[in-house]
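Colleague: 3D, please:
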Amino acid sequence: MATILRNSVKVFYYARNALRDVAPQALFRRRLAARLGQAMLPDETIRARLKFYNKLRSAFVPSPDAVPVSRLPFSPSMYYYDLKEFARYFDPGLLIDLEFGDVRKVPKMPSVVKDRPITADNSNAVIMKLDKFRHFHMPADRLSFADKRPAVVWRGHLNNPIRTRFLEAVRDLPFCDAGTPNKKAAEQYRKPYLTIAQHKQYRYIVSLEGNDVATNLKWIMSSNSLCLMPPPTYETWFAESRLEANVHYASLERDFSDLSEKVQYFERHPAEAQRIISAANAYCRTFADERAEQAISLLVLYKYFVLSGQIEPDAEVWRYISG
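Modeller: Numbers count the residues shown, from 1 in each chain. Just a heads-up that it's a prediction; the model follows:
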């Protein structure tokens, strides 16, 4: 049933965005001023998140590789639709430098991306909420922590050495159900595929980065299971660098030598596990306000176009952004 519902939502996602593409785009551009007015929400966290996603402060000139709004690359399609949802409000000739897919390094030019490395100087990577259908799927969890299986679970592809290191570290731990469903992986690492709902039957779910961020992090933190992971090294719209170890998730050493100790501790202190789970759930609710999500997305692009010298800023909107 969950798969049927998910597929139905996916069909609606594509249908809605396809209709937006065939509609006269001038209709959206005429609404830009009104949308910007609506985006200036009084909540100070809006501006704080805007400044986090778009850290640019100085003027710049788009590179020769920049593409106009009217010709954003269509592949991958979800990246295209998620960016075009807000880019269509701007002049089709405005130029954007962008990098779709998994971004492992900070771009040399200010560019719109889905993710960026967590470093002190990553301001050239301007984050938008891209591929959100996949990354921001956070289904409800009706099973309490106490009623879950007192064990650890992980499934994923072995596309990062840390994942293989994890499987080696937990191979002989009887309370760990960890492996990869990839049939091409070494036999000792293979385990059957598990759905999200099956993962959430366990009290402890491990989140490990792959090509960049860990895709499962959002739905783990929105569940009633405890997220176990090493500190993140990449961030997306989810602002992974703002997650606090042992506040929003239970921190693990990068060699996983403390996994047994952590699980034993939380089995003896379930209230501590629940405290972290509650904080994680509250953090996830930050992204549930669709009005705020749309406002920030529009303002991130507006700031990009202003600093790239392509549009003259509205004084009131610019005061709001820079205030």
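Colleague: what's the average pLDDT for the strand or helix carrying Arg275?
Modeller: If you go by DSSP states H and E, Arg275 is part of helix 270-285. Here helix 270-285 scores 98 as its mean pLDDT.
Colleague: other SSEs contacting that helix?
Modeller: Contact partners of helix 270-285 among helices and strands, from 3 or more CB pairs under 8 Å, 6 or more residues apart in numbering; DSSP states H and E: helix 217-221, strand 226-229, helix 259-268. Yep, even glycine has a C-beta here, placed from its N, CA and C like the rest.
Colleague: what about the helix or strand following the shortest one, average pLDDT?
Modeller: Of the helices and strands lying after strand 226-229 in sequence (DSSP H and E), the nearest is strand 234-235. pLDDT averaged over strand 234-235 equals 97, rounded to a whole number.
Colleague: and what of stretch 145-162?
Modeller: Average pLDDT, stretch 145-162: 97.
Colleague: Pull up the distance across it, start to finish.
Modeller: By CA to CA, to the nearest Å, the extent of stretch 145-162 from end to end equals 27 Å.
Colleague: tell me which residues in that stretch are buried?
Modeller: 145, 148, 151-156, 158, 160 (16 or more other CB atoms under 10 Å).
Colleague: if I've got this straight, Gly179 is in a helix?
Modeller: No - Gly179: not assigned to a helix; according to DSSP: H, G, I helix; E, B strand; the rest coil it is strand.
Colleague: Next, count neighbours for the residue lying closest to it once chain neighbours are set aside.
Modeller: Setting aside the residues directly before and after it, Gly179 is nearest to Lys191 in space (CB to CB, 6 or more residues apart in numbering), at 2.7 Å. Lys191: 16 surrounding residues under other CB atoms under 10 Å.
Colleague: Make JSON lines out of the helices and strands packed on helix 270-285 and add distance to Tyr13 and mean neighbour count.
Modeller: As requested, the helices and strands packed on helix 270-285 are exported to JSON lines (distance: least, CB to CB, whole Å; neighbours: other CB atoms under 10 Å):
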{"stretch": "helix 217-221", "distance to Tyr13": "17", "mean neighbour count": "25"}
{"stretch": "strand 226-229", "distance to Tyr13": "26", "mean neighbour count": "25"}
{"stretch": "helix 259-268", "distance to Tyr13": "37", "mean neighbour count": "16"}
